[in-house]
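Peer 1: Test case, fold it:
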Amino acid sequence: MSDRGRRRLLVYFPTWLGDGVMVTPALPSLRRVFPVEAWSVTGYVPRALRGLFKPMAGVDRWLGWRKAGSSLGGVWSEACFLRRGRFDAALLMPNSFRAAAVVSLAGIPKRMGYSRDGRGWLLTDRVMPRREAGRWVPEPAVDYYMRLVRELGGLEETGTPPLRLDVSDAQRAELRERLGALGLSAEQRLVVLNPGASKVIKRWPAERYAELADRLTERLGVAVAVSGSPAEREILTAVQASARARLLNLAEARLPVRLLKAVLERADLLVTNDTGPRHVAAAVGTSVVTLFGPTGPEWTVIPFDRDVHVLAEDRGTMGAISVDVVFEAAERLLTNGGE
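Peer 2: Numbers count the residues shown, from 1 in each chain. As a prediction, the model looks like this:
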């Protein structure tokens with residue numbers, strides 16, 4: 001649809017991949033508040049993630065950004081970039097003061113978001129986060145983003161839609177070609193292991209992932225791939241080196257980020273630490289085993305019944321999680337969908 005006669009809404013997404021995916025259940029409600037006939041919607045995401053999010057129903061276009069830093073010069077540079085978009089309104093999903101400062105300096109007249117972290121005075125339309133006894137109440141991010149949109153629009157709560165990422169036919173075809181070049185047939189069952197995470201305390205040991213990979217291949221006859229960002233190649237290599245089985249290394253294959261959702265849609269199962277690919281898998285309907293250590297799942301609960309949590313006892317280290325427990329969860333999902 002043409003932008004002619006429509007106002008322009010900028011939706012400022014969070015920085016992290018998983019948080020961005022957890023915004024997607026709020027998009028249907030967003031379109032009730034900002035109907036397509038009256039508003040065009042631009043998703044504003046890190047440049048590297050733009051290809052992962054598009055195409056997506058309800059979002060007309062995707063604008064990629066490179067963070068220019070938190071200095072005054074960096075904030076001003078980004079504000080000038082957004083000013084060229086002539087947006088009528090901005091919806092801030094992250095809580096950061098910086099995001100509020102950027103859209104304010106960009107001259108966007110309607111600025112909506114949670115009033116916290118000292119930024120309320122920069123917003124024209126504010127929602128108060130939930131607090132008890134002077135503290136923030138833990139709330140899953142999916143519900144947090146959904147509540148923001150619904151309270152701004154005066155909508156009644158009507159449940160939570162699933163996470164959603166759309167995979168195009170072109171992306172599926174490109175993935176088939178790339179995986180075929182790696183020796184993976186279209187009929188072969190595939191389990192993807194994601195051993196990386198932004199924090200060391202969230203990572204299950206590489207040798208445990210390797211032992212899990214061996215059990216999956218030897219007992220269940222599945223192909224196993226390891227996946228991660230370029231910065232996590234050392235972790236993936238360590239898993240490969242410790243495993244007896246031949247593992248596909250998707251980082252070495254240099255698959256672009258935009259194909260991550262196609263990879264996880266193709267997979268029968270993802271085993272992962274608590275990090276972004278978990279949410280991508282759920283958004284394309286793939287079963288997930290998620291491993292939690294001291295961080296716990298309170299903030300990242302997602303509306304997906306095939307996301308099985310394996311928690312370290314008493315919030316201990318990730319090393320406290322045994323291969324036996326993880327394999328049992330994986331086998332259950334692979335054989336009967338977790339029932």
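Peer 1: where in this structure is pLDDT low?
Peer 2: Applying pLDDT under 70 to the chain flags residues 1-2, 67-68, 337-339.
Peer 1: Strands along that one, start to end?
Peer 2: Assigned by DSSP state E, the chain shows strands spanning 7-12, 39-46, 61-65, 89-92, 110-114, 125-127, 131-132, 135-136, 190-194, 223-226, 248-249, 269-273, 287-292, 307-311.
Peer 1: Next, format those strands as CSV and append mean neighbour count.
Peer 2: C-beta here means a position set from N, CA and C on the backbone, and glycine is covered the same way. What follows is the strands of the chain, written out as CSV (neighbours: other C-beta atoms under 10 Å):
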stretch, mean neighbour count
strand 7-12, 22
strand 39-46, 22
strand 61-65, 17
strand 89-92, 24
strand 110-114, 22
strand 125-127, 16
strand 131-132, 8
strand 135-136, 10
strand 190-194, 25
strand 223-226, 25
strand 248-249, 17
strand 269-273, 27
strand 287-292, 26
strand 307-311, 18
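Peer 1: Dump those strands to a markdown table, plus distance to Asp143.
Peer 2: What follows is the strands of the chain, written out as a markdown table (distance: least, C-beta to C-beta, whole Å):
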| stretch | distance to Asp143 |
| --- | --- |
| strand 7-12 | 18 |
| strand 39-46 | 20 |
| strand 61-65 | 24 |
| strand 89-92 | 17 |
| strand 110-114 | 13 |
| strand 125-127 | 13 |
| strand 131-132 | 15 |
| strand 135-136 | 13 |
| strand 190-194 | 24 |
| strand 223-226 | 32 |
| strand 248-249 | 36 |
| strand 269-273 | 22 |
| strand 287-292 | 18 |
| strand 307-311 | 15 |
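Peer 1: Of those strands, which is nearest Ala238?
Peer 2: strand 223-226 (9.6 Å; C-beta to C-beta).
Peer 1: Sheet partners, orientation included, of the closest one?
Peer 2: Partners of strand 223-226 in the sheet, by DSSP bridges, are strand 190-194 (parallel), strand 248-249 (parallel).
Peer 1: any chance of the ones you listed in TSV, plus distance to Gly64?
Peer 2: Listed next are these as TSV, based on distance: least, C-beta to C-beta, whole Å:
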stretch	distance to Gly64
strand 190-194	24
strand 248-249	27
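Peer 1: who wins for proximity to Asp305 among these?
Peer 2: strand 190-194 (19.2 Å).
Peer 1: Need the CA coordinates for the closest one. PDB is fine.
Peer 2: Taking Å, rounded to 0.1, in the frame of the first residue of the first chain, the C-alpha atoms of strand 190-194 are listed here in PDB:
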ATOM      1  CA  LEU A 190      18.300 -32.300  11.600                       C
ATOM      2  CA  VAL A 191      19.000 -31.100  15.200                       C
ATOM      3  CA  VAL A 192      20.700 -27.700  15.600                       C
ATOM      4  CA  LEU A 193      22.900 -27.000  18.700                       C
ATOM      5  CA  ASN A 194      23.400 -23.400  19.700                       C
END
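Peer 1: mind checking how far that strand is from the chain centre?
Peer 2: Centroid separation for strand 190-194 versus its chain: 17 Å, with C-alpha atoms, centre = their mean, to the nearest Å.
Peer 1: next one: stretch 263-281
Peer 2: Between the centre of stretch 263-281 and the centre of its chain there are 10 Å (C-alpha atoms, centre = their mean).
Peer 1: what does stretch 84-91 give?
Peer 2: The answer for stretch 84-91 is 24 Å, by C-alpha atoms, centre = their mean.
Peer 1: again with stretch 133-146
Peer 2: 18 Å.
Peer 1: what are the ranges of the helices in this protein?
Peer 2: Using DSSP state H, the helices of the chain run over residues 17-21, 27-33, 50-53, 72-83, 97-105, 141-153, 169-181, 206-220, 233-242, 260-266, 276-283, 323-336.
Peer 1: highest average neighbour count across these?
Peer 2: Mean neighbour count, computed with mean count of other C-beta atoms under 10 Å, is highest for helix 276-283 among the helices of the chain, reaching a mean of 27.
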